[in-house]
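# give me the fold of what follows.
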Amino acid sequence: MPGRDRRMVQTDTPRLAGWLGVIVAGLGAIVAGAWLVGAERLTRLLPGLASMKFNTAVAFVTAGLALFVSRRKPSGLMLRMRDGLATAVLLLATVSLLEDAAGFRSGLDELVVADPASATAPGRMSAGTALCFVLSGVGLLALRRGRGLGKVALAELFGMSVGVLSLSVLMAYLYDVEDLYAVDLFSSIAIHTAALFALLSVGILLASPHHSFVRLVTGETPAVSFGKRILLAVVLVPIVVGYLVHEASDSGIIPLGFSVALIVTLTIVTLTLVVYAVAARMDRLEIERQEARALADRMAEAMAQARRMELVARFAGGLAHDFNNILSVIIGQGQLALLDLEEGHEARSAVEEVERAGLRAQELTRQLLLMSRREISPNKVLDLRALVEELAVVLRPLLGETIELHVHVASDLGHVRGSRVNMERVLTNLAVNARDAMPSGGRLEIELKNARVDARPSERHVGLEPGDFVVITVSDSGTGMDAATRDRVFEPFFSTKAPGQGTGLGLSTVHSIVQQAGGYLSVDSELGRGTRFEIFLPCIRAPADVEQTAGVHGLDVQLFGRGETVLVVEDEADVRRMACAVLRRYGYRPIEAEDPLEALELLATRDEVDLVLSDVVMPKMSGPEFAEKARAVRAGLVVLFMSGYDASGEAAARLRSDDVLLNKPLDTVRLLREVQAALA
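Presented below is the predicted three-dimensional model:
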């Protein structure tokens, strides 16, 4: 039961206790009235049974009113009234007990009405009745007290005691009333007296402010739920079995002695079956609990792994940003140097090697940015069928002759949104890892299919949200991985390859690309049984802008400018000087500004600026914010942006849809083409 519903039940139980008090007081008043008008049948219900005495009826009226007052949390006058009524019940019962124990008569028993039918102690309630009233009175007074024995509330303790005594009397009436009279404590307790005590007992339990009994009755935890089932069986089975066997014994069907053995046997068998059923159910629940805990542990580990990767990703993103600025200078200056070196110059091969090394380092920084989910990569709707079929042509010679490549694509394969370059990188990285895991050859399978994930994914796909997906499965027959390696396979810089044979960024890059595309990646591998990667990408059924698979078209354009003035806004001096050198080398007139504020001053004083090349992330002001202010100063001003950092950050997010963004390290050819296109 939800907490709110349980609180509502606990709020309503005192009200129910109050109505039970009304019933007890009302029935007591009826019996008291019967004594006053001489309606003897109402005092004993059935001829030959004990009667409810007048003072007993008055005590029930008093106790019922006290319980009724407790229906809400009493205070002030109502609290004193409840305690006064409970004290009156306690005093009346105590006097009766003292009379019975000491053998004297106080005159209270027949103060209002006479009881000529009683041979001894006319009008006096029995000792058992008086004891129940003493317990009830103390229980009513204890409603305002704290807890008593251990964690048991005093009111509940005395209320349960009254319930046990009244139930004993009712059971005795059910089986053989004459045996009841043989017990001094219970002699002369009327059947309706026992019934009213049972109601009074339940009322006191419901009125208890600690709700211990209420929680046991209304709770929905597995322990409470099964406890209620056992309790029901424990109460009903002995009553029903005992009554049936008692009737059979009275009818002569079975001997009296055997009836006791039969009662015990049937009770044991029935309760054993109940306990077995409950134990089986609790065992199933325990298994489910353990599975839920294991799932929670796996999710916690996944979250911890995600946090670790996020920390490394932040570090990698910052590192890549700094490297990109350095590489922009190395690659750019190297390309400028090559323009001044003729073919065959002794220094040309060395400069070309520097350029190649810079381009290799550029690829590493791109992987770092992808791993940190900070590379700017446009997402479009992809036709994975065409992409994989074209990529397979490239992969076959890459894998070598000893590895068989098999590609399976569903005929109705859906589309996904992402970057074609990134998807090619994902499949290439997975294929290369599979090749390295099969040094003696083997089989590599790439399968693409549609899949629907329901609300309860399998254990291998913890955290996968329900929905429609395109699933890319890459499996190999290689050496596989042990559990320790499998748990760390997506960690950046983690590699099992020999030094110099891997960067440790391949699979972490794959993981980041898949997450960036809103997908899910899982791995299943065992030593000696190969490895299986599954990539779940959200499926798009009705693509509107499927990226074409044609390669990049080279454009034969004139890269030289015609003396246009370009304002370069960049806080990194080396990058700024390199960009200006490239522009100057190709016929442009660059002007430098180390921050946006200086650039705004130049725009306000110099009219010849034709174009602005600005960094995105700078101190004092971001690139997009600077562009807005610059366009306010110079309407229609064209601004190109460059960045080697966070494409998903707040600054880059403010770029307009038609803004051109150049990635660092700056590519000289693309820079010149974009500048020329913007000035056209």
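
# who's in contact with V609?
V609 makes contacts with T565, V566, L567, I591, L602, L603, R634, L637, as judged by Cβ atoms under 8 Å, 6 or more residues apart in numbering. Placement of C-beta: from N, CA and C, glycine included.

# roughly how far does it sit from L671?
Look at V609 and L671: by Cβ to Cβ, to the nearest Å, they are 18 Å apart.

# shaky segments in the stretch 501-650 of the chain?
Applying pLDDT under 70 to the stretch 501-650 of the chain flags the ranges 501-506, 541-558, 645-650.

# okay, strands next: where are they in it?
Along the stretch 501-650 of the chain, the stretches classed as strands by DSSP state E, counting those that start in this stretch are 520-525, 531-538, 565-569, 589-593, 609-615, 638-643.

# for D667, find the nearest of those strands.
The minimum distance between D667 and the strands of the stretch 501-650 of the chain falls on strand 638-643, with 10.4 Å, by Cβ to Cβ.

# what angle do the longest helix along the chain and strand 609-615 make?
Determined from DSSP state H, the single longest helix within the chain is helix 256-340. Per axes from the mean of the first three to the mean of the last three Cα atoms, to 10 degrees, the angle that helix 256-340 makes with strand 609-615 is 140 degrees.

# returning to what we had before: can you redo the strands of the stretch 501-650 of the chain as TSV with distance to A50?
Below are the strands of the stretch 501-650 of the chain laid out as TSV (distance: least, Cβ to Cβ, whole Å):
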stretch	distance to A50
strand 520-525	76
strand 531-538	78
strand 565-569	105
strand 589-593	109
strand 609-615	101
strand 638-643	97
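
# please name whichever of the ones you listed is nearest to D100.
strand 520-525 (79.7 Å).

# right, and the helix or strand after the helix or strand bottoming out on mean pLDDT in the chain?
Using mean pLDDT, DSSP states H and E, helix 650-653 stands out as the lowest-scoring helix or strand of the chain, at a mean of 54. Going down the chain from helix 650-653, the next helix or strand is strand 661-663, by DSSP states H and E.

# so what are the sheet partners of that next one and their directions?
Its sheet considered, strand 661-663 pairs with strand 638-643 (parallel) by DSSP bridges.

# okay, angle between the partner strand and strand 565-569 too, please.
40 degrees.

# quick one: distance of strand 638-643 to the chain centre.
Taking Cα atoms, centre = their mean, to the nearest Å, one finds the center of strand 638-643 at 44 Å from the center of the full chain.

# can you point out the buried residues in the longest strand seen in the chain?
Identified as the longest strand of the chain according to DSSP state E is strand 442-453. For strand 442-453, the neighbour count (16 or more other Cβ atoms under 10 Å) marks G442, L444, E445, I446, E447, L448, K449, V453 as buried.

# ok, then the element right after it?
Next along from strand 442-453, by DSSP H and E: strand 467-476.

# partners of that next one, with directions?
Paired neighbours of strand 467-476 in the sheet (DSSP bridges): strand 442-453 (antiparallel), strand 531-538 (antiparallel).

# now those as JSON lines including distance to G332?
Output for these, formatted as JSON lines (distance: least, Cβ to Cβ, whole Å):
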{"stretch": "strand 442-453", "distance to G332": "39"}
{"stretch": "strand 531-538", "distance to G332": "36"}
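
# how far away is G467 from E534?
15 Å.

# how about T473?
According to Cβ to Cβ, T473 stands 5 Å off from E534.

# helices along the stretch 551-680 of the chain, start to end?
For the stretch 551-680 of the chain, helices defined by DSSP state H, counting those that start in this stretch occupy the ranges 573-585, 596-605, 623-633, 650-653, 668-679.

# phi first, then psi, for H406.
phi -120, psi 130 (degrees, to the nearest 10).

# got it, and the one 10 residues further on?
With angles defined as degrees, to the nearest 10, V416 shows backbone torsions of phi -130, psi 160.

# setting aside sequence neighbours, what's the nearest residue to it?
Leaving out its chain neighbours, the residue that sits closest to V416 by Cβ to Cβ, 6 or more residues apart in numbering is L537, at 4.2 Å.
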